[in-house]
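Q: what would the 3D arrangement of this be:
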Amino acid sequence: MDQAKRLENQPQERRERLEATVHGRVQGVGFREHVARAAQSLGLAGWVANRADGAVSVVAEGDRASLDVFENAVRQGPPAASVLRVEVQRRPARGGLTSFQVRHGAHPGD
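A: Take a look at the predicted model:
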């Protein structure tokens, strides 16, 4: 089952949204690709983007258990990264996300 179908089959009230800002050596080290692989393997929708201040923004929606595993992957990062601090907020899912994307260039979010 593809990612869009898995998301479609999850009741909206069971879905959550994770919003994170990751600080440290997280740009130019494969961090966004690491996050995208983790999200896609868990069937999450959302995006990851570099920020102009050197941090990385992450937004993901899915079920709580998958977001818990995903948050651990974000906090760990790939081997070349050095994650110093992660600011995480959990909210009810907004919906409207159908896949997980790596956004290129500095991105203010949405």
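
Q: what about the closest residue to residue 45 other than its chain neighbours, distance to residue 60?
A: Nearest residue to residue 45, sequence neighbours excluded (C-beta to C-beta, 6 or more residues apart in numbering): residue 97, at 3.7 Å. No exception for glycine: its C-beta is placed from N, CA and C like everyone else's. Using C-beta to C-beta, to the nearest Å, we find residue 97 at a distance of 8 Å from residue 60.

Q: equivalent analysis for residue 92, please.
A: Residue 92 is 14 Å from residue 60, where distance means C-beta to C-beta.

Q: so which of these two has more stuff around it?
A: With neighbours defined as other C-beta atoms under 10 Å, residue 92 and residue 60 compare such that residue 60 has more, 26 against 11.

Q: list the residues that contact both of residue 92 and residue 60?
A: residue 17 (C-beta atoms under 8 Å, 6 or more residues apart in numbering).

Q: shaky segments in the protein?
A: 1-13, 106-110 (pLDDT under 70).

Q: strands of that one, start to end?
A: Applying DSSP state E to the chain gives strands spanning 15-25, 45-50, 56-63, 82-92, 100-103.

Q: out of those, nearest to residue 35?
A: Ranking the strands of the chain by proximity to residue 35 (C-beta to C-beta) places strand 45-50 first, at 4.4 Å.

Q: cool, thanks, talk later.
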